[in-house]
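Enquirer: Model the structure of this input:
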Amino acid sequence: MDMSADIAFWAGFGVVAIGMVGGAFLSTRRDRRRAYWICWLAGGVLMVLAAGHDDTHRGLTIAGFCVAMSVITAFFRSPHLKIGGVIFAASRNDRQPDPPEDEQPPR
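Expert: The predicted model follows:
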């Protein structure tokens, strides 16, 4: 990789790190989930483009790694893996439905 690809790769890594840590500063679970996935997507794409610039196989490897790490981390460490309204998580507390955002009791 050349110098600009190195910078882009580490910038993508930084975006992913911000997404994983930055959610602590957001107020709702929905906002934290969105920030997590947007940062993984943006950072992952940046890392894949930087790594795949010269070697397509390396780019595909980084893509697979990013997908695996984002899903594994979301499952084991947070309530961020939500598909079709169902939260998939290792922890019982993380599997609980999202609290209402408008402070109204659930029906």
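Enquirer: Give the full set of residues in contact with residue 29.
Expert: 79, 98-99 (CB atoms under 8 Å, 6 or more residues apart in numbering). Heads up, the C-betas are built off the backbone N, CA and C, glycines and all.
Enquirer: which strands and helices sit next to the helix or strand containing residue 68?
Expert: Assessed by DSSP states H and E, residue 68 sits inside helix 56-77. Judged by 3 or more CB pairs under 8 Å, 6 or more residues apart in numbering; DSSP states H and E, helix 56-77 is in contact with helix 29-51.
Enquirer: Give me the angle between the helix it packs on and helix 56-77.
Expert: Here helix 29-51 runs at an angle of 160 degrees relative to helix 56-77 (axes from the mean of the first three to the mean of the last three CA atoms, to 10 degrees).
Enquirer: Which among the contacts of residue 29 count as buried?
Expert: Buried members of the contacts of residue 29, scored by 16 or more other CB atoms under 10 Å, are residue 79.
Enquirer: Including pLDDT, could the contacts of residue 29 go into TSV?
Expert: As requested, the contacts of residue 29 are exported to TSV (pLDDT from 0 to 100):
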residue	pLDDT
79	93
98	87
99	84
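Enquirer: Name the nearest residue to residue 101, ignoring sequence neighbours.
Expert: Spatially, and ignoring its direct neighbours in sequence, residue 101 is nearest to residue 28 (5.6 Å; CB to CB, 6 or more residues apart in numbering).
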